[in-house]
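In: Next one to model:
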Amino acid sequence: MSVEPIIAFGQQPCGFFPRRFLVAKIRTARRMQAQMGGRLVFFYHDSDHDPRETRTILRHRATGEPAQLNFSIATKLQRKFSPLYVKRIAPDWHGKTERQLPNYVDGRVIDLFRKTSAEAVADFCLEMYRRMGLLDGVHVARSSDPALRRIACEVSEFFVDVPYEGEIVRARVRDGVLYLHAGGESFVALPATAFTKEQISPTRDTRLRWMQSVIGCTHYVSGAGEQAYLRQDEAPQITFVRRDEIDRSDEAYTELPP
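Out: Purely as a prediction, here's the structure:
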């Protein structure tokens, strides 16, 4: 009995307009689906907390000069330590950003941005990607989903989302102690607290096994950077496929269907 292919790709929220490398992954996955059938799954790693993941690089329409935009976050603590699915967008960010967009994108894209609304960074990005038509027919599995976390395998290296100074932060667990990375070699140890499986998300090194225990994909589309750290030997049942090439891969994708 043949097994239906499950073609997966993974990515953190990567800008309020997606970076072009994510679009290349989606295109590669769709091309494979056209050839072999099966289902598409987007492993949306919105448990990550690094605000640099959502930098959005746009080019000025007149000068071609790149500009780097990003979300403004409600509090400094959230910006630094909260997971992307928790980081709240500052109230004035949407309007300020919309006023800058005519320098970089056309009216249709601005209209799409104007219609997109969400309180949290990860929700805004996902809604924008959907409105751009990039995720039609794609199942989205979010690493923040408590139901997903509940059925995922246990891993030795992980983070936990815990309350701290009135916010939810993502703390690394080492030898039973919870730490926040304050930059460089500086760490803040948090008070001991109990946590459940629904608060756990994997580190980079344990992410593949954790994801695969839930998704069970047969094929995984990855970028060059991912291939360098994915522990492919932990998932021998997966066929790894490198994403198609795309120019200016780190910049934002702002094209819409005609």
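
In: What's the end-to-end length of stretch 160-180?
Out: Its start and end residues considered, stretch 160-180 measures 11 Å (Cα to Cα, to the nearest Å).

In: Verify the contact between Ala120 and Ser82 for me.
Out: No. Contact between Ala120 and Ser82 fails when scored by Cβ atoms under 8 Å: they sit 9.3 Å apart. (Each C-beta comes from the backbone N, C-alpha and C, glycine too.)

In: Hmm, Gln212 and Val155 touching each other?
Out: No. The pair Val155 and Gln212 fails to qualify as a contact (Cβ under 8 Å) at a distance of 11.2 Å.

In: Who has more neighbours out of these two?
Out: More crowded of Val155 and Gln212, by other Cβ atoms under 10 Å: Gln212, with 19 against 16.

In: which non-adjacent residue is nearest that one?
Out: Ala235 (5.0 Å; Cβ to Cβ, 6 or more residues apart in numbering).

In: And that neighbour, how close does it get to Thr206?
Out: Ala235 is 12 Å from Thr206, where distance means Cβ to Cβ, to the nearest Å.

In: Then Cys14?
Out: 21 Å.

In: quick one, which of these two is more surrounded?
Out: Neighbours per residue, other Cβ under 10 Å: of Cys14 and Thr206, the larger number sits with Cys14, 21 against 18.

In: The more buried one against Cys125, yeah?
Out: Yes. With contact defined as Cβ under 8 Å, Cys14 reaches Cys125; the gap is 7.3 Å.

In: Give the intersection of the neighbour lists for these two.
Out: Thr54 (Cβ atoms under 8 Å, 6 or more residues apart in numbering).

In: Find the helix or strand that Val3 is a member of.
Out: Using DSSP states H and E, Val3 sits within no helix or strand.

In: That one: how many residues sit nearby?
Out: 9.

In: Gly216 is in contact with that one, correct?
Out: No. Taking contacts as Cβ under 8 Å, Val3 lies outside contact range of Gly216: 9.5 Å.

In: and Gln35, how many neighbours does it have?
Out: Neighbours around Gln35, by other Cβ under 10 Å: 9.

In: I meant to write Arg231 there.
Out: Residues near Arg231, counting by other Cβ under 10 Å: 12.

In: repeat for Gln232
Out: 12.

In: Name the next helix or strand downstream of the strand or helix carrying Leu178, please.
Out: Using DSSP H and E, Leu178 maps to strand 177-183. Remark: after strand 177-183, the chain's next helix or strand is strand 186-189, criterion DSSP H and E.

In: chain center to that following strand, what's the gap?
Out: Strand 186-189 sits 25 Å away from the centroid of its parent chain (Cα atoms, centre = their mean, to the nearest Å).

In: same thing with stretch 212-221?
Out: With Cα atoms, centre = their mean, you get 16 Å for stretch 212-221.
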